[in-house]
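Engineer: one predicted model, sequence on top.
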Amino acid sequence: MLENETRAKYIDIKLENAGWLKENIRKEYYFTDGRILIGGKRGARKFADYLLHHKNNNLAIIEAKRIGKDCQDGLQQGKEYAKILNIRYVYSTNGRELYEYDMRASKGEFIDEFPTPDELYQKTFGDLAKQKLLSQKELVVENKQLRYYQKIAVDSVIKGILQNKSRMLLTLATGTGKTTIAFAIVTRLLNAGWNKNSAPRKPKILFLCDRISLRNQALGEFNPIENDCVSLESSQKDGMIKSANVYFGIYQSLASEDKNYNELYTKFPKDFFDLIIIDECHRGGANENGSWQEILKYFESATQLGLTATPKRDDNIDTYKYFGESIYKYSLKDGINDGFLTPYKVKKLSTSLSDGYIYSTGDIVKGELEKPRYKFSEFEKNISIPAYNDLVARLILENMEDSMDKTIIFCANQKHASEIRHYIDKHKSVNHNDYCVRVTSDEGKIGLDYLSLFQDNDKAYPVILTSSKMLTTGVDARNVRNIVLLSNIASMVEFKQIIGRGTRVYKGKDFFTIIDFTNSTELFYDSEWDGEMMSDEPIKLKPKSKEEKEPKEIIKKPSKNKPVVYLGKYPRLEKVEIKYTLNDDIPLDTKEFLEAVLGKVRAVVANEQMLRQIWSEKKTRLEFLKTLEANGISDEDLEELKHVLHANDCDLYDVFAYLSFGAFKKSRKDRVQSLKNTEFIKDIKDDNVMAFMNFLLDKYERFGIKEFDAGLGTLLTNSTLDKDKIAQGFGSKELLKASFEKLQEELFRV
């Protein structure tokens, strides 16, 4: 009996007998989208055979095997999925035997029948099972169902509220929909009529942001319940609206620095709000002087929920000290592997000034140098070098995959952003006034208008934004393809926020690129959030000449304005270092990349003879490549592998054989020449057959074995040769087909 027959005739019947209705059972419950791969492809999606849910809560998963199989064969996979889905019970069955595993108790047992929905609900939640809020549904917006991790985050907060937790924290990577989660929590509370004192009313909820753009984005997300919402403005000092249920405000408006009047938030009674949600809470400052600390102290009776995209680290320890450990985490690595976030590449560019600037005779200084040497981190803060900015702008344009790829350049300050915009304009190949624009606080409404156009995926311009701090958060632009780092970033929290600008998924966007001039990408990787980093060898720059090391003339008087240095020699690019990212999302240097590919190839192929057998036949060859793809080795990775091994003129077979088994590396041309000296070719007497064979071999030599994947019929059509004469020359169409397959076998035998 097949597995699907076992499900229909046995498992489905047992569920029906236990009282499970069709609406409480999701068969083949896919809960990930599959990692984004090159060429618009996706990796394998995770799914459970059955998901059992009741009263708006996911209760169990079932892994099914056909009759005749061990009923526990699917248990381990079920336990792994239960960990991901935060589900307590796992069932593994072959239709006749049924095994129940309790994740919380870490033990299992054979049982005769499935529990009923109410029994399983009670077993899962115990004393909380009677709470109305636990079973209350969220407001479902059309085409916006909660993803599995969003549902877990919502449920975690609801359980925390029912357990009377006063402070909670959710940590989810940028781009994973924290505002969507907040909306689901709020609508659930509103629909249940929950509040702190159990009064017969809807709750009063305050949504706190630190930027107008974030507040406006949140208001947009909450549009389906706009009648319940109100935006708090500083102009409302004397006319506060208190009849709404959900209030949106920014710290700056609620807690003004002007002490001549009471802060806006004091217009509300201290017990007015039941719940306060603090968006991007790591930015508001959880220390005693933080901008939202005084607001939360005033409303201390409210349940307080912090939302952050950054895991606990030294530079945001105050946030975790205030809220406590996260009740749920979803990392960047999780999002990329699940296919909800976009993978990335890293390009580290080193120039002749990456070690800093040393005064050299021939350099012209406008202003006064305070010292002979300036660290790279001081560029555009203590010293300006126009020629370097010119070089950087040119390199940015050269390292964009496409000149129209949306790009954000993070600069040291607003003046620097203006300088880089100037040099981008100087070197751009696209003739458009708004190709590159500066978006900083000084630009005011003009900058915000440009930002809105940049975020609109239907608008081509502007293509490049230069900024400093303004765009580190609150920019929901899905089609960003490049993040450029020109400013040293000391904070990992800030770094993760910056990189988050590129992680959002967009149609046709296979990856985004971090173009790093500052070596700041070292901050991006940490073992808990992104996987343990594997570093490159230190960058070795050419030694400076004696003249450069010992400047003859230095003006030591301090200057209020940073000096501008016009170099005697134009700076140069010295090194471009690309980091590769496979399916474990650990950035690898070249050596580590080769070792990783080697390991994945050897996991599938035991020796060169086996590889040759696989590669000689189209079906097995494509299956092999598909297996590598499922393990994170994309077509682009394979092309990069050929480039790294200086084997662009070789077949992938030779690359694999050389890398994995130490075989001699032959070019496609070598293989063709060797094959022409074999009896297989020399025995051909018919001119039409020889003409077709030469056509095939020429195709292979120029383009590789992929050309043969199109099929014999397509190749015959493309050859423009007489098909009937070719078939006659081989003796029959069957012999022609057999010879075509034999040709591929002989190609890799030589």
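Structural biologist: Right, received. Where do you want to start?

Engineer: every contact and neighbour count from this point should use C-alpha atoms.
Structural biologist: Fine.

Engineer: can you measure across stretch 55-70, start residue to end residue?
Structural biologist: 32 Å (CA to CA, to the nearest Å).

Engineer: repeat that for stretch 703-719.
Structural biologist: Start-to-end, stretch 703-719 (CA to CA) is 15 Å.

Engineer: and what of stretch 35-43?
Structural biologist: Stretch 35-43 end-to-end distance (CA to CA) = 5 Å.

Engineer: average pLDDT across that stretch?
Structural biologist: When pLDDT is averaged along stretch 35-43, the result is 78.

Engineer: quick one: distance of it to the chain centre.
Structural biologist: Relative to the centre of its chain, stretch 35-43 is centred 12 Å away, using CA atoms, centre = their mean, to the nearest Å.

Engineer: then stretch 174-184?
Structural biologist: 16 Å.

Engineer: pull the CA atoms of that stretch into PDB?
Structural biologist: C-alpha atoms of stretch 174-184 as PDB (Å, rounded to 0.1, in the frame of the first residue of the first chain):
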ATOM      1  CA  THR A 174      14.800  43.100   9.800                       C
ATOM      2  CA  GLY A 175      12.300  42.400   7.000                       C
ATOM      3  CA  THR A 176      10.400  39.600   8.800                       C
ATOM      4  CA  GLY A 177       7.300  41.700   9.500                       C
ATOM      5  CA  LYS A 178       7.400  42.900  13.100                       C
ATOM      6  CA  THR A 179       4.700  45.400  12.400                       C
ATOM      7  CA  THR A 180       2.500  42.600  10.900                       C
ATOM      8  CA  ILE A 181       3.000  40.700  14.200                       C
ATOM      9  CA  ALA A 182       2.100  43.800  16.200                       C
ATOM     10  CA  PHE A 183      -1.100  44.200  14.100                       C
ATOM     11  CA  ALA A 184      -2.100  40.600  14.800                       C
END
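
Engineer: for that stretch, which outside residues touch it?
Structural biologist: 138-139, 150-151, 153-154, 172, 218, 221-222, 277, 307, 309, 332, 335, 340-341, 476, 497, 500-501, 503-504 (CA atoms under 8 Å, 6 or more residues apart in numbering).

Engineer: in which helix or strand does residue 151 reside?
Structural biologist: helix 148-162 (DSSP states H and E).

Engineer: please pull up the helix or strand immediately following that helix.
Structural biologist: Next element after helix 148-162 (DSSP H and E): strand 167-172.

Engineer: ok, that following strand: who's next to it in the sheet?
Structural biologist: strand 303-308 (parallel), strand 328-330 (parallel) (DSSP bridges).

Engineer: angle of that strand against helix 148-162?
Structural biologist: 180 degrees (axes from the mean of the first three to the mean of the last three CA atoms, to 10 degrees).

Engineer: starting at the chain centroid, how far to strand 167-172?
Structural biologist: 20 Å.

Engineer: if the residue lying closest to residue 25 once chain neighbours are set aside is in a bridge, with which residues?
Structural biologist: Of all residues not flanking residue 25 in the chain, residue 52 sits nearest, at 5.0 Å (CA to CA, 6 or more residues apart in numbering). Beta-bridge pairing for residue 52 (DSSP bridges): residue 25, residue 60.

Engineer: OK, contacts around residue 52?
Structural biologist: Here residue 52 is in contact with 24-26, 58-62 (CA under 8 Å, 6+ apart).

Engineer: pull out the buried residues from those residues.
Structural biologist: Using 16 or more other CA atoms under 10 Å as the burial test, the contacts of residue 52 include 24-25, 58-62 as buried.

Engineer: residue 62 reaches residue 50, doesn't it?
Structural biologist: Yes: under the criterion of CA atoms under 8 Å, residue 62 makes contact with residue 50 at 4.9 Å.
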